[in-house]
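> after the sequence you'll find the predicted model.
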Amino acid sequence: MPSPSPRKRHPLRNATLLLVLLGLAGYTVYHFAANSPAGPGCTVTAEGNAMDLTQEQAGNAATIAAVAASRGLPERALTIALATSLQESRLRNLHGGDRDSVGLFQQRPSQGWGTAAQILDPVYASNEFFDSLVKIKGYSRLPLTVAAQRVQRSGYPQAYAKHEADATLLTAALTGRANGALSCTTGADTPDSAGGGAGSPAQVTARLTREFGTAVRPRKDPAPRTVAVPAAAAGAAADDGTLRGWEVAQWAVAHAHDLKIEQVTYGDARWLAAQSGKGWQRQKATTAKGGAQSDGGGPALVRITVAP
């Protein structure tokens with residue numbers, strides 16, 4: 001009795017089947033991603049470059065930028081600070097590190113930076129960093145690694161250089177030079193996607209005042225859940241107003257999750273937590289009282305509305 005012939009293999013048919021399965025899998029992944037809300041996080045896009053951040057990183061970067069603004073420091077100071085924090089903590093407020101280092105800049109209580117509790121306050125830590133930076137003669141003209149190292153006295157002084165490009169990109173967005181360059185997604189495009197629960201206009205005002213100091217003058221808005229911030233101080237140049245307005249607007253978006261912010265508007269731009277995946281959207285600007293751009297033809301306002 002003849003033995004059964006071996007089963008013939010069809011490599012071409014198998015390869016075709018594999019390609020079909022891979023195509024179906026790819027379509028499923030693409031279709032799911034395209035039709036699902038983006039996960040929580042933030043993106044900075046400016047000058048042809050992009051950078052992804054977590055909500056925590058974006059909020060901390062915006063706080064460092066606000067403290068720089070409160071002190072009237074140049075962009076270079078902010079870039080040095082952001083590059084330093086990117087290297088030391090990845091812009092996270094760490095409760096531990098090398099030896100007794102803590103916080104955004106991994107400052108050490110034993111080296112005179114303050115108590116651990118103080119250093120874990122991002123506003124305090126940022127001010128301490130800038131206090132040391134501005135004492136360095138000509139810091140803005142020094143290579144970033146040199147300026148950062150003179151503040152930090154790190155064991156790896158050249159490590160700061162690799163973060164200069166990202167820090168420069170972040171600086172452009174957070175100082176308002178790159179309008180609308182920072183946007184955050186809240187995790188789900190739903191009405192309560194700002195973080196769940198009600199926000200507090202008083203808390204937003206307190207945070208603005210503490211981080212920006214006298215650089216901003218938040219005030220009550222006719223809308224009960226809204227804080228209005230004039231984009232420029234009295235007598236300031238128009239360009240200063242545009243930059244400061246965007247600086248405040250992008251600060252608000254960066255802190256949308258922790259402050260439960262529902263909406264931010266400035267000029268003809270609007271960011272909505274319920275549509276956070278769309279980023280900044282354009283709307284019709286008005287000059288009527290209570291409008292998106294100004295009150296009765298007055299100065300342009302940034303309006304920050306918290307969740308109900």
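Happy to help now that I have it.

> contacting residues for the residue nearest the centre of the chain?
Residue closest to the average C-alpha location in the chain (CA atoms, centre = their mean): Ala58, at 2.9 Å. For Ala58, the contact set (CB atoms under 8 Å, 6 or more residues apart in numbering) comprises Cys42, Leu182, Cys184, Ala254. (Each C-beta comes from the backbone N, C-alpha and C, glycine too.)

> equivalent analysis for Gly213, please.
Contacts of Gly213 (CB under 8 Å, 6+ apart): Ser70, Arg71.

> how about Ala167?
Contacts of Ala167 (CB under 8 Å, 6+ apart): Thr79, Ile80, Leu82, Ala83, Leu86, Leu144.

> and the fourth one, how far from Arg244?
Separation of Ala83 from Arg244 (CB to CB, to the nearest Å): 23 Å.

> right, and Ala46 touches Leu169 too?
Yes. Judged on CB atoms under 8 Å, Ala46 makes contact with Leu169 at a distance of 5.9 Å.

> more neighbours: these two, which one.
Each of Ala46 and Leu169 has its neighbours counted (other CB atoms under 10 Å); Leu169 has more, 23 against 19.

> now the helices for the stretch 101-250 of the chain?
116-119, 122-133, 144-152, 164-174, 201-212, 238-254 (DSSP state H, counting those that start in this stretch).

> dump those helices to a markdown table, plus mean pLDDT and distance to Thr63.
Output for the helices of the stretch 101-250 of the chain, formatted as a markdown table (pLDDT from 0 to 100; distance: least, CB to CB, whole Å):
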| stretch | mean pLDDT | distance to Thr63 |
| --- | --- | --- |
| helix 116-119 | 97 | 14 |
| helix 122-133 | 98 | 5 |
| helix 144-152 | 96 | 18 |
| helix 164-174 | 97 | 10 |
| helix 201-212 | 97 | 6 |
| helix 238-254 | 86 | 8 |
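
> compare those and give me the one nearest Thr226.
helix 201-212 (6.8 Å; CB to CB).

> now distance to Pro218 too, for the helices of the stretch 101-250 of the chain, in a markdown table please.
Shown next, in a markdown table, are the helices of the stretch 101-250 of the chain (distance: least, CB to CB, whole Å):
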| stretch | distance to Pro218 |
| --- | --- |
| helix 116-119 | 25 |
| helix 122-133 | 16 |
| helix 144-152 | 31 |
| helix 164-174 | 18 |
| helix 201-212 | 5 |
| helix 238-254 | 9 |
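
> and of the ones you listed, who's closest to Met51?
Of the helices of the stretch 101-250 of the chain, nearest to Met51 by CB to CB is helix 164-174, at 5.4 Å.

> give me the buried positions along that closest one.
Glu164, Asp166, Ala167, Thr168, Leu169, Leu170, Thr171, Ala172, Ala173, Leu174 (16 or more other CB atoms under 10 Å).

> low-confidence bits of the chain, can you list those?
Applying pLDDT under 70 to the chain flags the ranges 1-38, 187-196, 233-240, 285-299.

> the residue nearest to the centre of the chain sits in which helix or strand?
Following DSSP states H and E, one finds Ala58 within helix 55-70.

> could you dump that helix to PDB, C-alpha only?
The C-alpha coordinates for helix 55-70 follow below in PDB (Å, rounded to 0.1, in the frame of the first residue of the first chain):
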ATOM      1  CA  GLN A  55      -0.300  66.900  32.100                       C
ATOM      2  CA  GLU A  56       2.000  67.100  35.100                       C
ATOM      3  CA  GLN A  57       5.000  68.100  33.000                       C
ATOM      4  CA  ALA A  58       3.000  70.800  31.100                       C
ATOM      5  CA  GLY A  59       1.600  72.200  34.400                       C
ATOM      6  CA  ASN A  60       5.000  72.400  36.000                       C
ATOM      7  CA  ALA A  61       6.600  74.000  32.900                       C
ATOM      8  CA  ALA A  62       3.800  76.600  32.800                       C
ATOM      9  CA  THR A  63       4.400  77.400  36.500                       C
ATOM     10  CA  ILE A  64       8.100  77.900  35.900                       C
ATOM     11  CA  ALA A  65       7.200  80.200  33.000                       C
ATOM     12  CA  ALA A  66       4.800  82.100  35.100                       C
ATOM     13  CA  VAL A  67       7.400  82.700  37.800                       C
ATOM     14  CA  ALA A  68       9.800  83.900  35.200                       C
ATOM     15  CA  ALA A  69       7.200  86.300  34.000                       C
ATOM     16  CA  SER A  70       6.500  87.600  37.500                       C
END
